[in-house]
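Colleague: let me see the structure of the following:
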Amino acid sequence: MVDFAGVLTDPDAGRFYDYLAAARERGVRTALLSNAPGASAEVKKTMFDYFDALVFSGEVGVAKPDPAVYLIAADRLGLPAVRCAFVDDSAANVRGAVQAGMVGVHHRTVGETLTELGALFPDG
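Modeller: Okay, the predicted model is just below:
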């Protein structure tokens, strides 16, 4: 699971989008989890190129860092929280994911985040 603002808006985010596309090709299920009120149909259509599920706090009535929103996202992926990792540039939001039972990845740079995700989701 990935946050939008601060992660997918990083100046080097193109590398992250490439990672997401390749991960999905390998069968890794992906979700966007955002505290945004929602998104247009056009934006959602574009995001479905990279994500199996889109969760917007404004549409589900609960926001990060409340552990409930992470569980909603995991449910939409068809996975238990313990099989999920969550990436966000906010330490508080990462802690919320950990409280929900997920692995938390605190995004600082795309390179560091991709290295950590590579260890969690190896190519093999």
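Colleague: who touches the helix or strand bottoming out on mean pLDDT in the chain?
Modeller: The least trusted helix or strand in the chain, going by mean pLDDT, DSSP states H and E, turns out to be helix 41-47, with a mean of 89. Contact partners of helix 41-47, identified using CB atoms under 8 Å, 6 or more residues apart in numbering, comprise 32, 39, 54. Using the backbone N, CA and C atoms, a C-beta is placed for each residue, glycine as well.
Colleague: so which bits of that helix are buried?
Modeller: For helix 41-47, a neighbour-count test (16 or more other CB atoms under 10 Å) marks residue 47 as buried.
Colleague: again, but for stretch 108-122
Modeller: Neighbour counts over stretch 108-122 (16+ other CB under 10 Å) mark 110, 113, 114, 116, 117 as buried.
Colleague: need the helices for this structure, in chain order.
Modeller: Under the criterion DSSP state H, the chain contains helices at 13-25, 41-47, 57-60, 67-77, 91-99, 110-120.
Colleague: show me what the third one is packed against.
Modeller: What that stands for is helix 57-60. Packing partners of helix 57-60 (3 or more CB pairs under 8 Å, 6 or more residues apart in numbering; DSSP states H and E): helix 67-77.
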